[in-house]
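S.K.: how would this look folded up:
(one chain, ligands or ions: 1)
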Amino acid sequence: MDEERLLPITLVKEYYWCPMIAYHKLLLWSERPTQSMQSGGLTGEQRAELVERLEEARIEVQELLWEQPVQSRRLGLVGRVDLVAVTPRETLVVVEAKLSVSRRSLYSRAQHILAQLAAYTIAAEETLAMPSEKTLVYATEAARLIEVRITPRHRRLVEEAARELWRILETGITPWTRPRRSRCRACSYRGVCPSIQA
Ligand code: SF4
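M.R.: The predicted structure is shown next:
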């Protein structure tokens, strides 16, 4: 692993959405902006709403770390968490904002988002040297907090993705991917994707 270079945590999400997208982004490095990337974090109003929701959920907070840079040198991953709340017990509450998401959608078909949240949680724990107590998604459209249980399986998913991402970067090996019409139709890599051309 390159000591000086860490891979963005968003690639963990891409990897579980479609490994070939992660491959394209790693090797062509032609990052296509997404809505969440363009939004540039939470607005002042959204931050105030989020703090209200934390109070309503009776989450005790000692310090709020907005846009907290986090990294896991162990896994070679780096990112920025929308909010890390430090509790009086010296534990962390990791909060990631998503535009529109529900508890049902998270658990029924959003393994890629759960893996991304687990990656942020691991990196926050490593960076701030405190254990996490909770991981929350803040659904900005509905101004609602959703608690996500990060299990050992989610943590293993992150480790596996990090291993594979580094392997792709270092060897250039194309990951095996089965094209799926619903995903491929709107994919911006469709024109250059070897899975589609095969
Ligand atoms: S075209 Fe399909 S298989 Fe290729 S990168 Fe996009 S989603 Fe993945």
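
S.K.: who in this protein is up against the ligand?
M.R.: Contact residues, the chain versus the ligand (CB under 6 Å from any ligand atom): 18, 20-21, 177, 179, 183-184, 187, 189-190, 193, 195-196. All C-beta spots, glycine's among them, are computed from the backbone N, C-alpha and C.

S.K.: list buried residues within the residues you listed.
M.R.: Neighbour-count burial (16 or more other CB atoms under 10 Å) applied to the residues of the chain next to the ligand gives 18, 20-21, 177, 184, 187, 189, 193, 195.

S.K.: wait, a helix at M130?
M.R.: No: counting by DSSP: H, G, I helix; E, B strand; the rest coil, M130 is not part of a helix but coil.

S.K.: identify the residues contacting the spatially most central residue of the chain.
M.R.: With distances taken as CA atoms, centre = their mean, Q116 lies nearest the centre of the chain, 2.8 Å away. Q116 sits next to 9-10, 12-13, 96 when contact means CB atoms under 8 Å, 6 or more residues apart in numbering.

S.K.: ok so it is a strand residue?
M.R.: No: assessed with three-state DSSP, Q116 is helix; it does not lie in a strand.

S.K.: would you mark the buried spots in stretch 59-71?
M.R.: Buried positions in stretch 59-71, judged by neighbour count with 16+ other CB under 10 Å: 59, 64-65, 68, 70-71.

S.K.: and stretch 166-184, by the same measure?
M.R.: Using 16+ other CB under 10 Å as the test for burial, stretch 166-184 gives 166, 168-169, 175, 177, 184.

S.K.: quick check, nearest of those residues to the ligand?
M.R.: C184 (3.3 Å; CB to the nearest ligand atom).

S.K.: so the closest one touches C193, yeah?
M.R.: Yes: if you go by CB atoms under 8 Å, C184 and C193 touch, sitting 7.5 Å apart.

S.K.: now for the longest helix seen in the chain, which elements pack on it?
M.R.: Across the chain, the longest stretch assigned as helix under DSSP state H is helix 152-171. Contacts defined by 3 or more CB pairs under 8 Å, 6 or more residues apart in numbering; DSSP states H and E place helix 152-171 against strand 7-8, helix 10-17, helix 19-27, helix 111-128.
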